[in-house]
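J.: With the input below, show me the fold.
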Amino acid sequence: MEISSKLPVQQIRAFSRFYTDIIGLLDKHLLQSDYSLAEARILYEINAASGMQASQIIAAMYIDKSYLSRLLKKLEKDKLIIKKPSQQDARASILSLTDKGMAEFMKLNQASDVQINDLIKKLSAEKQQELVSHMQQIMNILKQK
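T.: Below you'll find the model as predicted:
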């Protein structure tokens, strides 16, 4: 009985390792860029929200506050993001992408699209749709808590 209860955990972990390896999520620099997965994801979140507070990034990414702070300092030093005082709360800052940050985000986003397209381009349209459907089912199942 105990072996069967471990089997799904082992299979899920094996899939996770397979997927992170196949798209290089653990590489020091994502998509041959100068940025890590966490840094690229921060740029994504800021872009998607058209600016946001650090606390919103923490909630969206489930990231440690001090780790986020270090990453934001690096992105600010690289002139990819800018902090402006919040009009609603003087204690908070709104983070937004600079023009350079937007260009880097667009480059990363395009490279990610190319990477995934290269991964699935040999699959038939039906197999691509089947893959997407299974991924959607996985997300739906895991969202049910």
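J.: who are the neighbours in contact with the spatially most central residue of the chain?
T.: In the chain, the residue lying closest to the centroid (CA atoms, centre = their mean) is Arg41, at 3.7 Å. Arg41 makes contact with Met61 under the criterion CB atoms under 8 Å, 6 or more residues apart in numbering. No exception for glycine: its C-beta is placed from N, CA and C like everyone else's.
J.: On the three-state scheme, it is what?
T.: Under DSSP: H, G, I helix; E, B strand; the rest coil, the three-state class of Arg41 is helix.
J.: Least confident secondary structure element in the protein?
T.: helix 2-22 (a mean of 84; mean pLDDT, DSSP states H and E).
J.: Extract the C-alpha trace of that one and format it as PDB.
T.: Provided in PDB are the C-alpha atoms of helix 2-22 (Å, rounded to 0.1, in the frame of the first residue of the first chain):
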ATOM      1  CA  GLU A   2       2.800   2.400   0.900                       C
ATOM      2  CA  ILE A   3       4.500   1.800  -2.400                       C
ATOM      3  CA  SER A   4       1.500   2.800  -4.500                       C
ATOM      4  CA  SER A   5       1.000   6.000  -2.500                       C
ATOM      5  CA  LYS A   6       4.600   7.000  -3.400                       C
ATOM      6  CA  LEU A   7       4.200   6.100  -7.100                       C
ATOM      7  CA  PRO A   8       2.200   9.200  -8.100                       C
ATOM      8  CA  VAL A   9       4.700  11.400  -6.200                       C
ATOM      9  CA  GLN A  10       7.600   9.800  -7.900                       C
ATOM     10  CA  GLN A  11       5.900  10.000 -11.300                       C
ATOM     11  CA  ILE A  12       5.100  13.700 -10.800                       C
ATOM     12  CA  ARG A  13       8.600  14.500  -9.700                       C
ATOM     13  CA  ALA A  14      10.000  12.600 -12.700                       C
ATOM     14  CA  PHE A  15       7.800  14.600 -15.100                       C
ATOM     15  CA  SER A  16       8.800  17.800 -13.300                       C
ATOM     16  CA  ARG A  17      12.500  16.900 -13.800                       C
ATOM     17  CA  PHE A  18      11.900  16.000 -17.400                       C
ATOM     18  CA  TYR A  19      10.100  19.300 -18.200                       C
ATOM     19  CA  THR A  20      12.500  21.500 -16.400                       C
ATOM     20  CA  ASP A  21      15.400  19.800 -18.200                       C
ATOM     21  CA  ILE A  22      13.800  19.900 -21.600                       C
END
